[in-house]
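**Q** okay, structure incoming, though there's no sequence with it:
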Ligand SMILES: [Zn+2]
């Protein structure tokens, strides 16, 4: 095995799971097979890697949404519940405020800022960005999620895998909120965003913070099965560098939901 971020080949085992942890979504596809996986850590860049041989293909494109939100009414009910959270309890409000503060400092205030949100899920983030005056495009591979965002949130929506989207549309900001930990090649996905970044644009990336989460043990949502990777401060910085970006800010925080998170704003290398 080779670290997908730094290429190193030495790892240590951090956690072993012989059954789903209590906080993990129960996926129907996994209920009939014997459950075993490990969380290993690259000894060089401290990136965490989920090592397992179970067939997880069914988790995405349908099963993920079905297991998490049941059906269309469940998607809408969960969306309504999240947007009703008081702002001090909402991860999304914290994220949106942080982005608006940072971009206003960086660019100054300007009209008609555009944002492409990759992996929008329920669309809470696009919804809140729209209320702040952004011209929002949401992208999600799940048909139901995309339909919900289009109908309920009312922003432009692309249904598809970001790798297969061929658009030359340019955006001032491209956001990856808790997306890169789910994809096999996060460096390639991040690099692809350069095709759609406007001159002077920024990319915002948010990932689970494995360095700090690991201090609290294995029963943490950062280490559930749907995360192929959990980032370290260093592996996030290397990911940005190899994808062709300079991090102009990286911060870590504990969110209102208790998630440990790393956030970074990236500028394209000239
Ligand atoms: Zn590594």
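**A** Yep, that arrived. Given the structure is predicted, the values throughout are model-derived calculations rather than measurements.

**Q** please make it C-alpha for all contacts and neighbour counts, starting now.
**A** OK.

**Q** list the contacts of the closest residue to the ion within the stretch 51-200 of the chain.
**A** In the stretch 51-200 of the chain, the residue found nearest to the ion is residue 187; the distance is 12.5 Å by Cα to the ion. Contacts of residue 187 were listed using Cα atoms under 8 Å, 6 or more residues apart in numbering, and they are 5, 239, 240, 242, 243.

**Q** so the residue lying closest to residue 6 once chain neighbours are set aside is in which element?
**A** Among residues not flanking residue 6 along the chain, residue 45 sits closest, at 6.5 Å (Cα to Cα, 6 or more residues apart in numbering). Applying DSSP states H and E as the criterion places residue 45 outside every helix and strand.

**Q** residue 45: neighbour count?
**A** The number of residues packed near residue 45 is 20, by other Cα atoms under 10 Å.

**Q** kindly report the same for residue 198.
**A** 15.

**Q** element containing it?
**A** Taking DSSP H and E as the criterion, residue 198 maps to strand 197-208.

**Q** does the residue of the stretch 151-270 of the chain found nearest the ion sit in a helix, a strand or a coil?
**A** The minimum distance from the stretch 151-270 of the chain to the ion, using Cα to the ion, falls at residue 235 (6.6 Å). Of the three states, residue 235 takes helix according to DSSP: H, G, I helix; E, B strand; the rest coil.

**Q** my read: it touches residue 45, true?
**A** Yes: using Cα atoms under 8 Å, residue 235 is in contact with residue 45, at 5.4 Å.

**Q** hey, where'd the strands end up in this structure?
**A** Ranges of strands in the chain, per DSSP state E, are 11-17, 37-42, 48-52, 114-118, 135-140, 156-159, 171-177, 197-208, 229-230, 245-254, 260-268.

**Q** so the last one versus strand 245-254, what angle?
**A** Using axes from the mean of the first three to the mean of the last three Cα atoms, to 10 degrees, the interaxial angle of strand 260-268 with respect to strand 245-254 works out to 160 degrees.

**Q** before we move on, what about the fourth one?
**A** Taking the same axes, to 10 degrees, strand 114-118 and strand 245-254 form an angle of 70 degrees between their directions.

**Q** strand 114-118 pairs with which strands?
**A** Here strand 114-118 is paired, per DSSP bridges, with strand 135-140 (parallel), strand 171-177 (parallel).

**Q** pLDDT score assigned to residue 66?
**A** At residue 66, the model reports a pLDDT of 64.

**Q** bridged to residue 254, which residues?
**A** Beta-bridge partners, per DSSP bridges, of residue 254: residue 260.

**Q** report how many residues lie close to it.
**A** Per other Cα under 10 Å, the neighbour tally for residue 254 reads 14.

**Q** residues of this structure that sit close to the ion?
**A** 3, 6, 42, 45 (Cα under 5 Å from the ion).

**Q** and the nearest residue to the third one once chain neighbours are set aside, what's its pLDDT?
**A** Spelled out, it's residue 42. Excluding the flanking residues, the one nearest residue 42 by Cα to Cα, 6+ apart is residue 11, at 4.5 Å. If you check residue 11, the pLDDT there is 98.
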